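**Q** show me how the following folds:
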Amino acid sequence: MKFRLKTTCCMISLMALFFGAGSSALISITFQTSLKQEKLAAQESYHMILNTLQVVNSMDQWTDEKDLSKILEQLSTQGSFWAALQLRSQTEMLYSEGTAAAHFLELTDQIDTTHLACAIFSMPSDSYYLQLSGSFFVGKETYYLDAAYDISSVYNARTQQQDIYQQIFAILLAACACFSYVFAFFLTRPLAKLSKASREIASGNYDYRSSIKTNDEVGAVSKDFDLMADHLQNGIEELQDSIERQNQFIGNFTHELKTPMTSIIGYADLLRSETLSKEDQIDAANYIFTEGKRLERLSLKLLDIFVAKHDSFTLTKASPAELIHNLVNHLKPMLAKEDIHLQCECESGYCMLDTDFFGSLLVNLIENARKALVDGGEISVCSIMTDDGCQITISDDGKGIPAGSIVHITEAFYRVDKARSRSQGGAGLGLTLCAQIAQMHGGNIYFDSEEGHGTTVTVLLKGGRA
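**A** Residues are numbered from 1 along each chain as shown. Next up, the predicted model:
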């Protein structure tokens with residue numbers, strides 16, 4: 001059963017209880033008061049008859065018991081106050097008048113010379129009578145006088161009041177039911193809104209709020225509920241962000257691992273073939289060792305940036321030209337196998353860089369330029385020194401980038417040519433990482449491309465001059 005129905009039933013029950021008890025008590029009190037007044041009136045009239053008989057008795061005007069009957073008959077004809085009168089001695093009935101006399105109760109045992117006996121009896125015609133019985137002396141003889149007073153009007157009034165009460169009770173019950181339901185509906189409407197908010201959040205709509213603005217307990221519960229929903233949404237967003245960072249870390253690390261691992265495997269294969277000179281063997285071993293250490297450092301830094309959200313990293317004094325020449329010299333032999341000519345032109349100088357991320361930036365940009373070349377071509381790397389760092393430019397004469405894709409190219413997992421990227425093993429994270437590395441150095445990355453005429457990528461790094 002809904003709470004509003006429970007509230008309605010509770011209010012109806014309370015109304016029925018109090019109204020019923022109050023009305024019943026009022027009817028009962030009114031009835032008892034009326035009955036008491038009728039008793040007093042009957043007792044006064046009864047005493048008047050007894051006093052009359054006693055006065056006559058003192059005058060000794062009758063000679064036998066028939067005179068008593070004649071006096072009662074005369075009293076009866078003077079008024080219709082009494083419904084029945086009955087006079088009897090200890091041995092016989094002397095006088096009886098009225099149909100109610102046949103239903104008199106036997107009250108002789110309750111009568112004495114100072115007290116009246118009083119009782120109520122009814123007749124089959126739903127008439128109610130008040131019976132008064134008393135005794136008096138005539139000479140030495142005791143006589144009993146029974147009188148019946150019609151009190152049906154009192155009982156009829158009570159019955160009428162009860163009928164009116166039942167009608168009013170039915171009307172009030174219906175009115176109370178309607179009013180209580182409407183009242184309960186408006187009282188419980190905030191609870192319905194709160195319930196809807198719970199269902200919305202449970203279904204995944206974490207932005208939904210109950211927004212109940214009432215200055216009562218329901219409003220306080222709504223405020224606490226919305227606050228809980230805010231914390232829940234923040235927790236879910238943080239969890240999703242953490243998952244996204246972890247996925248991005250895995251993707252970036254996989255992407256970063258591919259190119260150096262290819263070089264390491266290539267050099268290792270050359271060492272295994274034993275066709276290299278002693279000097280080339282040492283150079284190959286040094287490259288394998290250098291790339292292995294770089295990958296180790298890079299994995300820890302990627303973990304800091306993409307998983308732990310550590311924005312702190314160390315910039316050291318470095319020569320962009322030296323780093324670029326070193327990387328180009330090691331990549332040239334592999335790219336030459338694909339008929340790709342890699343060249344560089346670098347301005348000497350020093351600036352503040354994170355050498356590991358700078359190397360990752362160069363590798364990614366050169367790798368993307370390589371993928372843009374269909375049947376060989378040229379890739380050129382140029383660096384110049386600026387007032388607050390350096391500028392790196394990498395150009396190729398490949399297929400270029402469509403104008404509509406340039407604004408999305410640094411988004412995670414975005415691929416200009418999805419089919420070619422899948423065939424070449426790309427994950428769509430290389431340029432995303434490059435943009436982040438540029439931002440880490442206070443700079444930015446820019447793309448200038450035309451389909452069929454190649455692409456130029458300009459990276460500004462503003463870590464400061466050394």
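
**Q** can you name the next helix or strand after the strand or helix carrying Lys196?
**A** Assigned by DSSP states H and E, Lys196 falls within helix 152-202. As assigned by DSSP H and E, the chain's next helix or strand after helix 152-202 is helix 217-273.

**Q** and that next one with helix 152-202, angle?
**A** With axes from the mean of the first three to the mean of the last three C-alpha atoms, to 10 degrees defining the directions, helix 217-273 sits at 20 degrees from helix 152-202.

**Q** in three-state terms, label Cys390 for me.
**A** strand (DSSP: H, G, I helix; E, B strand; the rest coil).

**Q** that one against Ile384, yeah?
**A** Yes - in this structure, Cys390 is within contact of Ile384 by C-beta atoms under 8 Å, at 6.8 Å. The C-beta positions use only the backbone N, C-alpha and C, and glycine is treated the same way.

**Q** what's the helix holding Lys196 packed up against?
**A** helix 3-59, strand 127-138, helix 217-273 (3 or more C-beta pairs under 8 Å, 6 or more residues apart in numbering; DSSP states H and E).

**Q** ok, Cys390 and Ile384, which is more surrounded?
**A** Taking neighbours as other C-beta atoms under 10 Å, Cys390 and Ile384 compare with Cys390 leading, 29 against 14.

**Q** for the more buried one, what are its contacts?
**A** Cys390 makes contact with Pro320, Gly349, Cys351, Leu353, Ser383, Ile384, Leu461, according to C-beta atoms under 8 Å, 6 or more residues apart in numbering.

**Q** among those, which two are most distant?
**A** Leu353 and Ile384 (14.5 Å; C-beta to C-beta).

**Q** most neighbours among the contacts of Cys390, which one?
**A** Of those, with other C-beta under 10 Å as the count, Leu461 tops at 29 neighbours.

**Q** before we move on, back to that, tabulate the helices and strands packed on helix 152-202 (CSV), appending mean neighbour count.
**A** As requested, the helices and strands packed on helix 152-202 are exported to CSV (neighbours: other C-beta atoms under 10 Å):
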stretch, mean neighbour count
helix 3-59, 14
strand 127-138, 20
helix 217-273, 15
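
**Q** any idea which of those gets closest to Ser152?
**A** Proximity to Ser152 (C-beta to C-beta) singles out strand 127-138 among these, at 4.7 Å.

**Q** alpha carbons of the closest one, in CSV - could you do that?
**A** Output of strand 127-138 as CSV, limited to C-alpha atoms (Å, rounded to 0.1, in the frame of the first residue of the first chain):
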residue,chain,number,x,y,z
SER,A,127,-43.3,2.5,23.5
TYR,A,128,-41.3,3.2,26.7
TYR,A,129,-42.8,4.0,30.1
LEU,A,130,-41.4,5.1,33.4
GLN,A,131,-43.0,3.2,36.2
LEU,A,132,-43.3,4.7,39.7
SER,A,133,-44.5,2.6,42.6
GLY,A,134,-45.1,3.7,46.2
SER,A,135,-47.2,2.9,49.2
PHE,A,136,-49.4,4.8,51.6
PHE,A,137,-51.7,4.0,54.6
VAL,A,138,-55.4,4.3,54.9
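
**Q** packing partners for that strand?
**A** Against strand 127-138 (3+ C-beta pairs under 8 Å, 6+ apart) you get helix 3-59, strand 117-123, strand 141-150, helix 152-202.

**Q** what mean pLDDT does it get?
**A** Averaged across strand 127-138, pLDDT comes to 87.

**Q** ditto for stretch 344-359
**A** 92.

**Q** swap in stretch 235-248?
**A** 78.

**Q** next SSE downstream of the helix or strand of the chain with the lowest mean pLDDT?
**A** Lowest mean confidence among the helices and strands of the chain (mean pLDDT, DSSP states H and E): helix 418-424, at a mean of 44. Using DSSP H and E, the helix or strand that follows helix 418-424 in sequence is helix 430-440.

**Q** which outside residues touch the helix or strand following that next one?
**A** Next helix or strand after helix 430-440 toward the C-terminus (DSSP H and E): strand 444-450. With contact meaning C-beta under 8 Å, 6+ apart, strand 444-450 is reached by 400-401, 406, 409-410, 431, 434-435, 438, 455-460.

**Q** list the buried ones in strand 444-450?
**A** Ile445, Ser449 (16 or more other C-beta atoms under 10 Å).

**Q** show me how far it is from its chain's centre.
**A** Counting by C-alpha atoms, centre = their mean, to the nearest Å, strand 444-450 is centred 50 Å from the centre of its parent chain.

**Q** any idea which helix or strand comes after it?
**A** Using DSSP H and E, the helix or strand that follows strand 444-450 in sequence is strand 454-461.

**Q** paired strands for that following strand, with orientation please.
**A** strand 389-396 (antiparallel), strand 444-450 (antiparallel) (DSSP bridges).

**Q** closest to Ile71 out of the ones you listed?
**A** Across the strands paired with strand 454-461, Ile71 has its closest neighbour in strand 444-450 (134.3 Å, C-beta to C-beta).

**Q** let me see the mean pLDDT of the closest one.
**A** 90.

**Q** what angle separates it from helix 430-440?
**A** Orientation check (the same axes, to 10 degrees): strand 444-450 against helix 430-440 gives 140 degrees.

**Q** return strand 444-450 as PDB; C-alpha atoms alone will do.
**A** Provided in PDB are the C-alpha atoms of strand 444-450 (Å, rounded to 0.1, in the frame of the first residue of the first chain):
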ATOM      1  CA  ASN A 444      52.100  23.800 -28.600                       C
ATOM      2  CA  ILE A 445      52.100  21.800 -31.900                       C
ATOM      3  CA  TYR A 446      50.800  23.000 -35.300                       C
ATOM      4  CA  PHE A 447      50.000  21.200 -38.500                       C
ATOM      5  CA  ASP A 448      50.200  22.500 -42.000                       C
ATOM      6  CA  SER A 449      49.100  20.000 -44.700                       C
ATOM      7  CA  GLU A 450      47.700  19.700 -48.200                       C
END
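
**Q** list the buried ones in the helix or strand hosting Glu378?
**A** Glu378 belongs to strand 377-386 when assigned by DSSP H and E. Buried residues in strand 377-386, defined by neighbour count with 16+ other C-beta under 10 Å: Gly377, Ile379, Ser380, Val381, Cys382, Ser383, Met385.
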